[in-house]
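Asker: okay, predicted coordinates and the sequence, questions at the end:
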Amino acid sequence: MTNSISKSFGLMPNGEEVYSYELSNKNGMSLKVITYGATLTELKVPLKNSEIVDVVLGFDTLEGYLKSFQLQGSPYMGTTVGRYAGRIHNSTFTLNGKKIQLNKNNGDNSLHGGIIGFSEKVWTVEKVIEGENPAITLSYSSPANEENYPGNLTVEVTYTLSDTNEVSIHFNAKTTEDTVVNLTNHSYFNLDGHLFDVKDQELIVNSNQVLETTADNIPTGRFLEVTNTPFDFLTPKKCPSSIDNTFVVTKKSEFEASLFSKKNNLKMLVHTDQPGVHIYVGGNCFNEVKGKENADYHPLSGICFETQNFPDAPNHEHFPSAVLKKGDEYNHTSIFKFQSL
């Protein structure tokens with residue numbers, strides 16, 4: 001029995017075909033990735049009671065994904081985000097003494113790579129590995145000055161589904177000249193299934209600090225302690241109804257964040273080698289685009305764990321550097337582990 005299946009997912013407006021790939025493991029867990037945006041469209045997890053739950057939001061058709069980018073607040077549903085995840089203040093930064101002016105797509109700021117980021121590109125499948133721990137690697141080559149970023153950046157993302165029910169997402173990038181890079185996956189998780197809301201699911205974030213931000217969500221450069229604030233998730237608390245904040249990975253632990261559904265007795269652990277986990281609750285499609293199974297996604301439909309460097313890092317010298325130098329490699333691995341209790 002094969003554990004990867006490929007099929008057509010539709011045509012882009014220019015006629016280019018988009019494909020969907022399905023990987024499955026021996027436990028009955030499966031994931032689907034499409035070449036548009038290197039997007040995770042489906043993640044089905046088996047429960048102890050033999051039921052299977054799809055724990056990510058998405059759309060049944062390519063048209064749904066295309067239309068979602070025309071919404072007033074695009075959800076970036078399940079996509080690979082780049083060249084720079086998060087906001088860059090005033091869409092500018094200085095690199096090697098030269099001021100770079102990016103395209104603006106979030107007020108005066110640049111968000112998630114600009115007007116047309118990696119989330120809206122058709123990626124190329126480089127390889128599919130079958131057998132134990134099936135995997136798929138997709139690539140995209142971003143030409144120099146795309147969205148005004150310097151350097152031709154070649155990016156690969158590899159999704160691996162382990163036999164221990166872990167989804168590993170590994171990013172690799174190389175550049176022809178010094179540039180900045182911050183890649184992430186923008187999946188909206190819901191352990192009760194994508195037709196429900198997350199408000200009763202329990203969130204833990206193993207972090208003592210969050211980034212302080214301005215009213216338009218730009219980091220000030222200050223780190224705030226979470227003690228006695230609404231951002232203290234060191235012990236389990238229900239998912240907040242509104243959050244769009246970067247937690248600083250302050251201590252080494254088995255996981256940086258976790259989500260638990262009492263309804264399904266399903267737990268997800270999030271582990272990353274990145275400096276931050278940006279947590280966002282949302283998924284709203286404003287009743288304009290239907291989700292999978294005709295779902296109406298709303299502001300509490302899902303929760304994102306955007307494992308990444310800090311937003312606006314190029315403009316803060318004391319933040320971890322987001323610079324990728326010519327000849328160096330960007331590597332980033334994040335793991336989402338599922339446990340049916």
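Answerer: All right, it came through fine.
Asker: switch to C-alpha atoms for all contacts and neighbour counts from now on
Answerer: Will do.
Asker: close enough to count as contact, residue 193 and residue 54?
Answerer: Yes - counting by C-alpha atoms under 8 Å, residue 193 touches residue 54, with 5.3 Å between them.
Asker: list the contacts of residue 170.
Answerer: Under the criterion of C-alpha atoms under 8 Å, 6 or more residues apart in numbering, the neighbours of residue 170 are 157, 158, 159, 331, 332, 333, 334.
Asker: so what's it bridging to?
Answerer: Per DSSP bridges, the residues bridged to residue 170 are residue 158, residue 333.
Asker: number of nearby residues for residue 17?
Answerer: By the measure other C-alpha atoms under 10 Å, the count of residues near residue 17 is 14.
Asker: residues in contact with it?
Answerer: 8, 9, 10, 11.
Asker: quick one: it from residue 3, how far?
Answerer: If you measure residue 17 against residue 3 using C-alpha to C-alpha, to the nearest Å, the figure is 22 Å.
Asker: quick check: the two most widely separated of the contacts of residue 170?
Answerer: Across these, the longest distance by C-alpha to C-alpha is 13.8 Å; it joins 159 and 331.
Asker: neighbour count for those two, which is higher?
Answerer: For residue 159 versus residue 331, neighbours defined as other C-alpha under 10 Å are more numerous around residue 159 (25 against 16).
Asker: which regions of this protein sit below the pLDDT cut-off?
Answerer: Low-confidence segments of the chain, defined by pLDDT under 70, span residues 1-2.
Asker: all the helices of it, residue numbers only.
Answerer: 62-68 (DSSP state H).
Asker: residue contacts, the closest residue to residue 141 other than its chain neighbours?
Answerer: Using C-alpha to C-alpha, 6 or more residues apart in numbering and skipping residues adjacent in sequence, the residue nearest residue 141 is residue 154, 4.4 Å away. Contact criterion C-alpha under 8 Å, 6+ apart gives 139, 140, 141, 142, 173, 174, 175 as the residues in contact with residue 154.
Asker: hmm, try it at 10 Å
Answerer: 139, 140, 141, 142, 143, 172, 173, 174, 175, 176 (C-alpha atoms under 10 Å, 6 or more residues apart in numbering).
Asker: so which of these is surrounded by the most neighbours?
Answerer: So for the contacts of residue 154 (other C-alpha under 10 Å), the most neighbours sit at residue 175, 25 neighbours.
Asker: which residues in the stretch 101-250 of the chain form strands?
Answerer: Using DSSP state E, counting those that start in this stretch, the strands of the stretch 101-250 of the chain run over 110-111, 124-129, 135-142, 153-161, 166-175, 179-180, 184-185, 188-189, 202-205, 209-213, 219-225, 237-238, 244-248.
Asker: which of those is buried the deepest?
Answerer: Of all the strands of the stretch 101-250 of the chain, strand 184-185 has the most neighbours on average by mean count of other C-alpha atoms under 10 Å, namely a mean of 29.
Asker: tell me which other helices or strands that strand touches.
Answerer: strand 80-81, strand 166-175, strand 302-308, strand 330-340 (3 or more C-alpha pairs under 10 Å, 6 or more residues apart in numbering; DSSP states H and E).
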